[in-house]
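**Q** need coordinates for the following:
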Amino acid sequence: MEKTARRYIFTGLRNARDMGGHPARGGVTRFGVFIRSDLPRGITGEDRRALRDLGLTTVVDLREAEEAGQLPDELRDEPWLTYRSVPVLGVKAAAVRDRPGGVSAFDRQFSWGEEYIRMLQGNHPWVKQVLELLAASEGVVLFHCFTGKDRTGLLAALLLGLCGVPREDIEADYAVSQIYLGDVYRWMREMIPDFRDRELSSPFFSTAPENIRLVLDELEREYGGAEGFAAACGTDPGAVEAIRERLIKRA
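**A** Numbering: from 1, shown residues only. The predicted model follows:
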């Protein structure tokens with residue numbers, strides 16, 4: 001039976017969403033192609049069976065090796081799927097390191113939108129690699145970082161942008177993470193020293209629409225949109241078309 005609900009409910013995935021169901025150029029994005037999520041953590045046997053039944057074939061981990069080693073992806077050793085590490089280089093979980101001017105993601109003046117732009121500008125080879133990997137993949141692909149909101153959110157925005165999904169829908173897809181991440185945020189504040197006693201109102205925890213709006217504005221202004229940006233990163237045009245063929249269900 002074709003899946004028609006966007007959010008997945010699993011014990012070990014708190015922010016997992018299908019990228020189907022968005023209005024796109026010439027149709028609607030197809031369910032059962034790409035899933036965006038947080039780190040698989042606390043995965044149960046039932047979760048594994050359900051993911052396998054969904055047709056999951058590939059997991060793409062967007063975290064750097066050090067971070068992935070500290071908190072491993074619990075699906076990476078499953079014999080029935082392929083685990084791929086495609087890190088957004090130079091980006092730690094939470095962006096808690098000092099940023100230009102000594103600003104961290106917990107400071108009021110921190111801007112996720114500006115941080116995302118820096119992440120994309122400094123990772124052109126990553127954009128090419130991950131887009132071409134997704135274009136060549138078969139079956140269902142799950143991609144994730146730690147919370148599934150920042151690195152994952154950027155990749156999701158690029159994929160939706162390549163498919164001509166309206167900006168408002170890209171912003172809405174990004175923004176809903178804040179609602180689904182309550183349990184993750186509680187765990188982080190209890191278990192990770194950098195997050196202990198941090199206010200939930202600090203910028204780190206936010207997925208306000210204006211964060212991704214700044215990115216979309218930048219891509220439009222500098223590259224003419226997601227496709228122009230992908231081309232500037234050296235992405236094979238055939239890969240962009242393959243992503244559209246995979247993800248768009250034509251009207």
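
**Q** can you tell me how far the residue nearest to Leu216 when sequence neighbours are not counted is from Ala226?
**A** Distances taken as C-beta to C-beta, 6 or more residues apart in numbering place Arg167 nearest to Leu216, at 5.5 Å, with adjacent residues excluded. In this view, the C-beta of every residue, glycine as well, is placed from N, C-alpha and C. Distance of Arg167 to Ala226, given as C-beta to C-beta, to the nearest Å: 11 Å.

**Q** so those two - more neighbours on which side?
**A** Neighbours per residue, other C-beta atoms under 10 Å: of Arg167 and Ala226, the larger number sits with Ala226, 25 against 17.

**Q** identify the residues contacting the more buried one.
**A** Taking C-beta atoms under 8 Å, 6 or more residues apart in numbering, we find Ala226 in contact with Ala157, Leu158, Gly161, Leu162, Leu219.

**Q** so how far is Ala65 from the residue lying closest to it once chain neighbours are set aside?
**A** With sequence-adjacent residues excluded and distances taken as C-beta to C-beta, 6+ apart, Ala226 is closest to Gly161, at 3.0 Å. Per C-beta to C-beta, Gly161 is found 28 Å from Ala65.

**Q** then Asp169?
**A** Taken as C-beta to C-beta, the span from Asp169 to Ala65 is 34 Å.

**Q** so for those two, which sits in the more crowded spot?
**A** Comparing Asp169 with Ala65 by other C-beta under 10 Å, the one with more neighbours is Asp169, at 15 against 10.

**Q** tell me what the helix or strand that one falls within is packed against?
**A** Per DSSP states H and E: Asp169 is located in helix 167-175. In terms of contacts (3 or more C-beta pairs under 8 Å, 6 or more residues apart in numbering; DSSP states H and E), helix 167-175 is packed against helix 151-162, helix 209-223.

**Q** re earlier: do I have it right that the residue nearest to Leu216 meets Val215?
**A** No - Arg167 lies out of contact with Val215 (C-beta atoms under 8 Å); the separation is 10.5 Å.

**Q** good, we can wrap up now.
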